[in-house]
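1. Predicted coordinates and the sequence they were generated for:
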Amino acid sequence: MILISACLAGLKVRYNGTDSLDEKIKWLVRENAAVTVCPELMGGFSTPREPAEIVGGDGEDVLNGKAFVLEKSGRDVTELYVKGAYATLQKAKEVGATTVILKEYSPSCGSAVIYNGDFSSTKLVGVGVTTALLRRNNITVLSEENYSDFYLDK
């Protein structure tokens, strides 16, 4: 079993109330080969919600207490992102997931690239909070941009 970002399966859970549907991923869920998760909702957010970005580093830095997740208005929502990451880890353990496919660029889910924290649409190399925690627990995290290279084509 694998976990998949709910937005990639077509659920309208992104910060702005939209999805990021990937038909192959939707098929995995429909075939009961995957379970959906949304770390932000699991952390206590609702949809829609204010956009947020990591300021001062990436998800590793957030877990190490050296960076924060802030909403565009400046509200510190680090605690909710960390809570969602731990809830996602718990779900992964419950279903025996060793692979997770998450939404790239997200402050929770980014697996290679995130936004830089100044809300200018500028990206940088880094990982989201959930990705950092899952990888610390030896769970493979992929994105919608590279999962077929590692999972579906094998």
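-> Looks like it came in fine.
2. How about residues contacting stretch 16-31?
-> Taking C-beta atoms under 8 Å, 6 or more residues apart in numbering as the criterion, the residues outside stretch 16-31 that touch it are 2, 4-5, 7-14, 34-36, 47-48, 51, 101, 103, 144, 147-148, 152. Quick note: C-beta positions are derived from backbone N, CA and C, even for glycine.
3. Let's see that with 7 Å instead.
-> 4, 7-12, 14, 34, 36, 47-48, 101, 103, 144, 148, 152 (C-beta atoms under 7 Å, 6 or more residues apart in numbering).
4. These, buried ones only, as a ChimeraX selection?
-> The following ChimeraX command selects only the buried members of the contacts of stretch 16-31, with burial defined by 16 or more other C-beta atoms under 10 Å:
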select :4,7,8,9,10,11,14,34,36,47,101,103,144
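5. Out of the contacts of stretch 16-31, list just those in strands.
-> The strands in this structure, assigned by DSSP state E, contain 4, 34, 36, 101 from these.
6. how about these, which pair is most distant?
-> Of all pairs drawn from the ones in strands among the contacts of stretch 16-31, the one with the largest separation by C-beta to C-beta is 36 and 101; the distance is 10.1 Å.
7. Now do the shared contacts for the two.
-> Taking C-beta under 7 Å, 6+ apart as the contact definition, residue 36 and residue 101 share the neighbouring residues residue 4.
8. Where do the strands of this protein begin and end?
-> Secondary structure of the chain (DSSP E): strands at 2-5, 34-37, 52-55, 68-71, 99-102, 113-115, 123-125, 140-143.
9. could the ones in strands among the contacts of stretch 16-31 be laid out in CSV, adding pLDDT and distance to residue 63?
-> Rendered in CSV, the data for these read as follows (pLDDT from 0 to 100; distance: C-beta to C-beta, whole Å):
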residue, pLDDT, distance to residue 63
4, 97, 22
34, 95, 25
36, 98, 23
101, 97, 21
